[in-house]
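**Q** this one's structure only:
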């Protein structure tokens, strides 16, 4: 398994494309075949398969072939890793902004003045 930073890079790269985000949104509702994922997209089946390969490489999606049908599933653990990273950044900035608010409350002379 790749390092956490590397997998996050792959994950955010995978999510940077609207078609791949659409596939992830669909898979969050449940497993789907490749043709089901391709149906609402305006692209060829080989292009859809390429997008799925990016999602698989990132760890966001797992596929399984049974007979002639390839079924895709979301990997919740991968989404949790991205969610945790985002939550940590948000918490950091919330703490910083809280400290700034406290500072400005205690030192009103330092607050930016509004122009008349």
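**A** It's in. Just so we're clear, the structure is a prediction, and the values are computed from it rather than from any experiment.
**Q** Which helix or strand contains the closest residue to residue 54 other than its chain neighbours?
**A** Leaving aside its chain neighbours, residue 54 sits nearest to residue 14 (5.1 Å; criterion: Cβ to Cβ, 6 or more residues apart in numbering). From N, CA and C alone the C-beta is placed, and that goes for glycine too. If you go by DSSP states H and E, residue 14 is part of helix 4-15.
**Q** contacting residues for residue 48?
**A** When contacts are counted by Cβ atoms under 8 Å, 6 or more residues apart in numbering, residue 48 is found next to 19, 23, 34, 37-38, 41.
**Q** what's the closest of these to residue 115?
**A** Set against residue 115, the nearest of those by Cβ to Cβ is residue 19 (46.0 Å).
**Q** Tell me which two of the contacts of residue 48 sit farthest apart.
**A** Taking Cβ to Cβ as the measure, those reach their widest spread between 19 and 34, a distance of 13.1 Å.
**Q** OK, contacts around the residue nearest the centre of the chain?
**A** Most central in the chain under Cα atoms, centre = their mean is residue 15, positioned 5.1 Å from the mean C-alpha point. Residues near residue 15 by Cβ under 8 Å, 6+ apart: 21, 24, 58, 60, 82.
**Q** try 6 Å this time
**A** Residue 15 is in contact with residue 21, counting by Cβ atoms under 6 Å, 6 or more residues apart in numbering.
**Q** Residue 72 contacts residue 61, correct?
**A** Yes. Look at residue 72 against residue 61 with Cβ atoms under 6 Å: they come within range, at 5.5 Å.
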